[in-house]
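Visitor: dropping a prediction and its sequence here:
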Protein chains: 2
Amino acid sequence: MAVTIHDVARRAQVSVSTVSRAFTMPDLVRPATREQILRAADELGYRPNRAARGLITGKTGNLGIVVPDLQNPFFPSVVSGAQAQARLADYAVFLADSGEDPRLEAELIHAMTKQVDGVIVCSSRMDVDDLRRATESTTLVLLNRKNPGVPAVLMDSADGIRQAIEHLAALGHRRCAFLSGPRNSWSNKERRRGLRTASRLYGVEVVELGPFAPVFEAGLQAADIALASNVTAIVAFNDLMALGVLNRLNDRKIRVPEEMSVVGFDDIAMAGMCTPQLTTVEMPTQQGGRAAVDLLLDQLAGGDDDRGAAQQRMVGTQLIVRASTAPPRT
Amino acid sequence: MAVTIHDVARRAQVSVSTVSRAFTMPDLVRPATREQILRAADELGYRPNRAARGLITGKTGNLGIVVPDLQNPFFPSVVSGAQAQARLADYAVFLADSGEDPRLEAELIHAMTKQVDGVIVCSSRMDVDDLRRATESTTLVLLNRKNPGVPAVLMDSADGIRQAIEHLAALGHRRCAFLSGPRNSWSNKERRRGLRTASRLYGVEVVELGPFAPVFEAGLQAADIALASNVTAIVAFNDLMALGVLNRLNDRKIRVPEEMSVVGFDDIAMAGMCTPQLTTVEMPTQQGGRAAVDLLLDQLAGGDDDRGAAQQRMVGTQLIVRASTAPPRT
DNA sequence: ACAGTTTCTGCAAAGGTTTGCAGACTCTCC
DNA sequence: GGAGAGTCTGCAAACCTTTGCAGAAACTGT
């Protein structure tokens, strides 16, 4: 059925070894022969069987990427960046969605290991033991999670929130709420850390609420809680929650930004589409996905010599000021 | 490095064949032996190498899914449904994003064929020749595209738009605009078809504008065009465009729904989060993804006997009435 | 205890590719 | 024209499984 290297060899009147070399080490075969082979391959529509190749080289040419929730626009964006970058290096990508379940996340990674050369784990919620096990069984890079000894691309959440608080302080806010995200999310920890220093730095009192699930519905729920806490601004863990807040405030006839300022995080597409348009911290998602692939590929190329060991790449964030923030009512 | 079936065999003191059978045809090996093997495998952390298995069985245990644009929330939703369903059957899924490029779409499918047992192509924009070629080189199922001889799951767009027009007619609209989507999209053709019959059926005059790209920005652009065409309601090809329309109308101080009704298509999460909340036709995306996987798996199990040949599964759509539609101003 | 079944198990080939090794060319230079 | 070096090419083993075939073990019934 399928056309193999043998078919090509026969048609080009050479041995399979030569065909193989014509593809993988072109300069080892005489140009004339090579061209002949390439032509034959082309005519037959030959594509090397990567599984067979992988069997012997130990490389699959595949990458895995696991995300906590595909329904959160943050992740498709990361994935699409990663997939595009992987494609440039002729890698295919496996995708898995853990549904925010740390156990499933570990299991998915484990299930992938044999089929991929490495995996990118986004916003991992695994505990450190599972993470260590995963690191041992395949080469992986984390995105938005930090762990000693494992390479990662990190988005500077702490600075992002600093920018947000600076912005609110400049507008005159003195007391605001932070709607906390998943407890075991590195991003959330970073944001809380950044929050504390920014709070001191700009003299803004911050009340932390939550943790909440990083979804729209939690924003609806959190809005009322925030309202009860006597603040003039709300910073949400992510845009999905911020949109929930906006929605609930609208229902309760609280005008944004006149009576309450709202800041999100991620700058998902929706943030620029709602009314009022959401002030938010932009996360370089596509770029992050690309960077993660680069890092992974480096890691694979570098072989087993952990020179430089746990590389980490930090990418910047940027506050996007839109219409959901304004000076507090006096 | 990696633990193979040989290691397990050695430890369990049996031959590799027996180990293999213990996994793939458990009832062919004596229970005592089987348990011994399973224990050994467990202790060693053995996982069969799917590539090697695939080499001999001709099955990879992988599925491919290609989408035109991961940034459109419609597709992550389909993908997540598909991925979940695939996982139940112990299949892993490859993901590829064609960026709305028909040529790239064909190329991606081709690149996948050797690594997957079949592929799901969502909202394919390929021309029929490429599609035929693809069908020949792998088993595939289409989602939201119909082609003779190839199995597909289809969402009933025509009926969806009928519901939308019926709704608008009931509200008293007599003339409305349809913002057309990609020319070579089956969904778009269906919607236009449904539109014509609904237009007659309910006595609503429809002016067709476009085609537009199925993205937010095109909605901004289309809004002005629609405004110039003297209609009281706008039906957009999808929610992304509808949100663009909403946005632009807001900028131009046209109140929705008082001065203009807007209907979208897809019911992406955002549709319920914006203000005013968008009246839209819900597409069963997750269910569609699941159904596509089922169909594909059936197809694979069915072998080469094309009994029933091109199966098609049609799934229903449902108008979700929210706040963006109202009777026209008199 | 023995022949005849039935149930388990092992051997070895196969699947498509890569790669070390060695043999076969081609070329250069004397 | 022939030796020597360099460049290409082919053979065969290897990667990890599955599976047809046949032999071994465990039964059954007498």
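Guide: Thanks, I have the structure now.

Visitor: tell me the secondary structure for residue A:207?
Guide: Put simply, residue A:207 is strand when judged by DSSP: H, G, I helix; E, B strand; the rest coil.

Visitor: so what's residue A:316 up against?
Guide: The neighbours of residue A:316, taking C-beta atoms under 8 Å, 6 or more residues apart in numbering or on different chains as the test, are A:155, A:156, A:159, A:284. In this view, the C-beta of every residue, glycine as well, is placed from N, C-alpha and C.

Visitor: which residues of the stretch 1-150 of chain A lie near DNA strand C?
Guide: Proximity of the stretch 1-150 of chain A to DNA strand C (C-beta under 7 Å from any atom of the strand) is limited to residues A:2, A:4-6, A:16-17, A:20-21, A:23-25, A:46-49, A:52-53, A:55-57.

Visitor: got the buried residues for stretch A:89-106?
Guide: Using 16 or more other C-beta atoms under 10 Å in any protein chain shown as the test for burial, stretch A:89-106 gives A:91-98, A:100, A:102, A:104-106.

Visitor: strands of the stretch 151-300 of chain A, start to end?
Guide: Secondary structure of the stretch 151-300 of chain A (DSSP state E, counting those that start in this stretch): strands at A:152-155, A:175-179, A:205-209, A:233-236, A:261-266, A:279-282.

Visitor: so which of the ones you listed is nearest DNA strand D?
Guide: DNA strand D lies closest, by C-beta to the nearest atom of the strand, to one member of the strands of the stretch 151-300 of chain A: strand A:152-155, at 29.4 Å.

Visitor: what's in contact with the closest one?
Guide: Contacts of strand A:152-155 with the rest of the structure, by C-beta under 8 Å, 6+ apart, involve A:141-146, A:186-187, A:283-284, A:288, A:291-292, A:295, A:310, A:312-317.

Visitor: change it to 6 Å
Guide: When contacts are defined by C-beta atoms under 6 Å, 6 or more residues apart in numbering or on different chains, strand A:152-155 is touched by residues A:142-144, A:146, A:283, A:288, A:291-292, A:295, A:312-315, A:317.

Visitor: what's the answer for stretch A:187-195, then?
Guide: Here stretch A:187-195 makes contact (C-beta under 6 Å, 6+ apart) with A:144, A:157, A:158, A:161, A:162, A:178, A:181, A:182, A:206.

Visitor: now the closest residue to residue A:66 other than its chain neighbours: which helix or strand?
Guide: Among residues not flanking residue A:66 along the chain, residue A:96 sits closest, at 4.5 Å (C-beta to C-beta, 6 or more residues apart in numbering or on different chains). Residue A:96 belongs to strand A:92-97 when assigned by DSSP states H and E.

Visitor: before we move on, the earlier item: with pLDDT as added columns, please give the buried residues of stretch A:89-106 in JSON lines.
Guide: What follows is the buried residues of stretch A:89-106, written out as JSON lines (pLDDT from 0 to 100):
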{"residue": "A:91", "pLDDT": "94"}
{"residue": "A:92", "pLDDT": "93"}
{"residue": "A:93", "pLDDT": "94"}
{"residue": "A:94", "pLDDT": "95"}
{"residue": "A:95", "pLDDT": "96"}
{"residue": "A:96", "pLDDT": "95"}
{"residue": "A:97", "pLDDT": "95"}
{"residue": "A:98", "pLDDT": "94"}
{"residue": "A:100", "pLDDT": "90"}
{"residue": "A:102", "pLDDT": "94"}
{"residue": "A:104", "pLDDT": "94"}
{"residue": "A:105", "pLDDT": "95"}
{"residue": "A:106", "pLDDT": "94"}
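
Visitor: between those, which is closest to DNA strand D?
Guide: Among the buried residues of stretch A:89-106, and counting by C-beta to the nearest atom of the strand, the member closest to DNA strand D is residue A:94, at 18.4 Å.

Visitor: ok, the closest one touching residue A:64?
Guide: Yes: at 4.4 Å, residue A:94 counts as touching residue A:64 under the criterion of C-beta atoms under 6 Å.

Visitor: what touches both of the two?
Guide: Listed contacts common to residue A:94 and residue A:64 are residue A:112; contacts here mean C-beta under 6 Å, 6+ apart.

Visitor: that older thread, the residue nearest to residue A:66 reaches residue A:109, doesn't it?
Guide: No: when contacts are counted by C-beta under 6 Å, residue A:96 is not listed as touching residue A:109 (8.1 Å).

Visitor: does the residue nearest to residue A:91 when sequence neighbours are not counted count as helix, strand or coil?
Guide: Leaving aside its chain neighbours, residue A:91 sits nearest to residue A:63 (5.0 Å; criterion: C-beta to C-beta, 6+ apart). Counting by three-state DSSP, the backbone at residue A:63 sits in strand.
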